[in-house]
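1. Give the three-dimensional model of this entry:
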Amino acid sequence: MTKKLLYIGNKLSGQGNTVTSIETLGGFLESEGVIIYYASSKRNKIVRMLDMLLKTVKYSRKVDFVLIDTYSTINFWYALIISQICRFLKVKYIPKLHGGNLPYRLEKSEFFSKLIFNNAYINIAPSKYLYDNFKKKGFENLMYIPNTIELSNYSFEEKKYDFPRLLWVRSFSKIYNPLMALKVFELVKQKYPNATLTMVGPRKDESNEEAIQYSEKNNLNVEFTGKLTKKEWIELSKKTNVFINTTHFDNTPISVIEAMALGLPVVSTNVGGIPYLITHNENGFLVEDSDVDGMANQILKICSNDIKMEEITNSARKLVSNFDWDKVKFLWFKLLNEEHNF
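-> Residues are numbered from 1 along each chain as shown. Next up is the predicted model:
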């Protein structure tokens, strides 16, 4: 029997935002025959919330489950409202957990968190980091289903490390600390004047303007591409040889998984779910949050040929092969087709 879902989340790539799980996972599930209704692609937050409410009521008798992208900030309140409407309408709902700061929300909003997650059909943790944190808080109705990519779309290429050609791919938001990337690049250029930095991603807040101003003030000649399609930035990545992730908070970001699949060594801040994904000196490199000197030094080590980069990048590719949709899809099939009693 064909399953039907209502997927609640921010479907805003058509509004200039980054593609998120509602579009990637939604597309994967639709390719397997699942019928999905979506809410919402409305740009205005209030209108978007109303659209989510109306579609939850409209489709409550037509769908098997309501799948809710659940984050730690304003989307947490979306999830709270929609989940309680689902309870009232007696429709099964599934929070899909996102964001490295969600464990903090469990602490800050304990009562509301229990309302959402204890009453869910099941909670989907896309990382062992979130799975473990929810377990510690006493939530038992959990299932680990990792974030997924279509591995065949990512051609693994061995890189030359003659000089640093850095790539940063995230939304320009203060939580992702884009200014750190520029400060790291500034240090790297002291040894490699011909080093390059390309920053890919849409504007989310004023950190975009701050990054551009810092680059211009210090004559860094950073390439800011704005938002690119996945295909465009994958093509662009062929000209780069180190992927840097500078975030303050994180879960297991798809962009890092994608970089590992492409053969790019990843140097990341050691925050949130990142150490569940990257093991230092085995499949990538970790530095402390905001450690500009540490990240710059790690990049210089990569380009000094003192590290066996072939082993590092092959290990990374092997790890992320576990996130291939052809493997992950069976976990979704199991979830959607089995009864769970907790």
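
2. Contacts only, for the most centrally placed residue in the chain.
-> When Cα atoms, centre = their mean is applied to the chain, the residue found nearest the centroid is residue 253 (2.9 Å). By Cβ atoms under 8 Å, 6 or more residues apart in numbering, residue 253 lies in contact with 170, 245, 247. C-beta here means a position set from N, CA and C on the backbone, and glycine is covered the same way.

3. which residues sit in contact with the first one?
-> For residue 170, the contact set (Cβ under 8 Å, 6+ apart) comprises 176, 178, 201, 245, 247, 253, 255.

4. Neighbours of the fifth one, how many?
-> It refers to residue 247. 22 (other Cβ atoms under 10 Å).

5. just the first one next, same as before
-> Other residues within reach of residue 176, judged by other Cβ under 10 Å, total 26.

6. now the helices: where do they sit in the stretch 101-250 of the chain?
-> 102-108, 110-117, 128-136, 178-191, 207-217, 230-237 (DSSP state H, counting those that start in this stretch).

7. Which stretch among the ones you listed is buried most, on average?
-> helix 178-191 (a mean of 21; mean count of other Cβ atoms under 10 Å).

8. For that one, the averaged confidence score.
-> For helix 178-191, mean pLDDT rounds to 98.

9. contact partners of that helix?
-> By Cβ under 8 Å, 6+ apart, helix 178-191 touches 164, 166, 168, 170, 172, 195, 197, 199, 201, 207-208, 210-211, 214-215, 218, 220, 222, 244, 246, 269, 290, 292-293, 295-296, 299-300.

10. chain center to that helix, what's the gap?
-> 24 Å (Cα atoms, centre = their mean, to the nearest Å).

11. Please compute how far stretch 268-282 lies from its chain's middle.
-> The mean C-alpha position of stretch 268-282 is separated from the chain mean by 14 Å, Cα atoms, centre = their mean.

12. got the CA coordinates for that stretch in CSV?
-> Presented in CSV, the C-alpha positions along stretch 268-282 are these (Å, rounded to 0.1, in the frame of the first residue of the first chain):
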residue,chain,number,x,y,z
SER,A,268,36.2,21.6,11.0
THR,A,269,35.5,23.1,14.4
ASN,A,270,34.9,20.4,16.9
VAL,A,271,31.3,21.2,17.9
GLY,A,272,28.0,19.4,18.2
GLY,A,273,27.7,16.3,16.1
ILE,A,274,30.9,17.0,14.1
PRO,A,275,33.1,14.6,16.2
TYR,A,276,30.5,11.9,15.6
LEU,A,277,31.3,12.3,11.9
ILE,A,278,34.9,13.2,11.8
THR,A,279,37.7,11.4,13.7
HIS,A,280,40.7,13.7,13.9
ASN,A,281,43.7,12.5,11.7
GLU,A,282,41.6,9.5,10.5
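
13. If you count neighbours, what's buried in it?
-> Buried residues in stretch 268-282, counted by 16 or more other Cβ atoms under 10 Å: 268-274, 277-278.

14. Likewise for stretch 261-269?
-> Applying 16+ other Cβ under 10 Å to stretch 261-269 flags 261-269 as buried.

15. list the contacts for the nearest residue to residue 109 once chain neighbours are set aside?
-> Excluding its sequence neighbours, the residue lying closest to residue 109 (Cβ to Cβ, 6 or more residues apart in numbering) is residue 76, at 7.1 Å. Residues near residue 76 by Cβ under 8 Å, 6+ apart: 70, 105, 109, 112.

16. Pick the one among those residues closest to residue 142.
-> Minimum distance to residue 142 across these is 12.9 Å, recorded for residue 70 (Cβ to Cβ).

17. Before I go, just wanted to say thanks for your time.
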